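Student: Provide a 3D model corresponding to the input given below.
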Amino acid sequence: MYLLTGQIWAFNGKRGRVLSMLAAMGQGVTQWDCLPWHTRLGASIHAMREEGLAIETVREGEYRHARYFLRTPGCLIIQAENSGEPVMIHRKTS
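Tutor: Below you'll find the predicted structure:
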């Protein structure tokens, strides 16, 4: 779950994992960071943008690979689903 003043985005599965990476990795996220568990990172980024998150794409290198940066400020909350008690982890992003 990602919180921004009055706005909540909740993703699980691959998109949830990508959102967590975007919030935690200041150097951005590339397709290489997601292999082998996610082979279509661009599709997840597109879906998150459609939901209203601001994600910047920077092209780099000779082959113009994409590096994605989360630009929506907020707080990432991760809730463990399989434990007896909910565990909340907060990460603030700028």
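Student: every contact and neighbour count from this point should use C-alpha atoms.
Tutor: Fine.
Student: can you tell me the element the closest residue to Ser44 other than its chain neighbours falls in?
Tutor: Residue nearest to Ser44 in three dimensions, not counting chain neighbours: Arg15, with 5.9 Å by CA to CA, 6 or more residues apart in numbering. Taking DSSP states H and E as the definition, one finds Arg15 inside helix 13-24.
Student: pLDDT of that helix, averaged?
Tutor: Confidence over helix 13-24 (mean pLDDT, whole number) is 90.
Student: after that helix, which helix or strand is next? Please name it.
Tutor: Going down the chain from helix 13-24, the next helix or strand is strand 29-30, by DSSP H and E.
Student: just how off-centre is that next one within its chain?
Tutor: Centroid separation between strand 29-30 and its chain, computed with CA atoms, centre = their mean, to the nearest Å, is 10 Å.
Student: in its sheet, which strands sit next to it, and in what direction?
Tutor: strand 65-70 (antiparallel) (DSSP bridges).
Student: who's in contact with the partner strand?
Tutor: Contacts to strand 65-70, defined as CA atoms under 8 Å, 6 or more residues apart in numbering, come from residues 22-23, 26-31, 53-60.
Student: what's the end-to-end length of stretch 20-39?
Tutor: This stretch, stretch 20-39, spans 17 Å end to end (CA to CA, to the nearest Å).
Student: cool, stretch 22-39 as well?
Tutor: 16 Å.
Student: any buried residues in it, and which?
Tutor: Within stretch 22-39, the residues that qualify as buried by neighbour count (16 or more other CA atoms under 10 Å) are Leu22, Ala23, Ala24, Gly28, Val29, Thr30, Gln31, Cys34, His38.
Student: what is the nearest of those residues to Trp9?
Tutor: Distance to Trp9 across those (CA to CA) is lowest for Ala23, with 12.6 Å.
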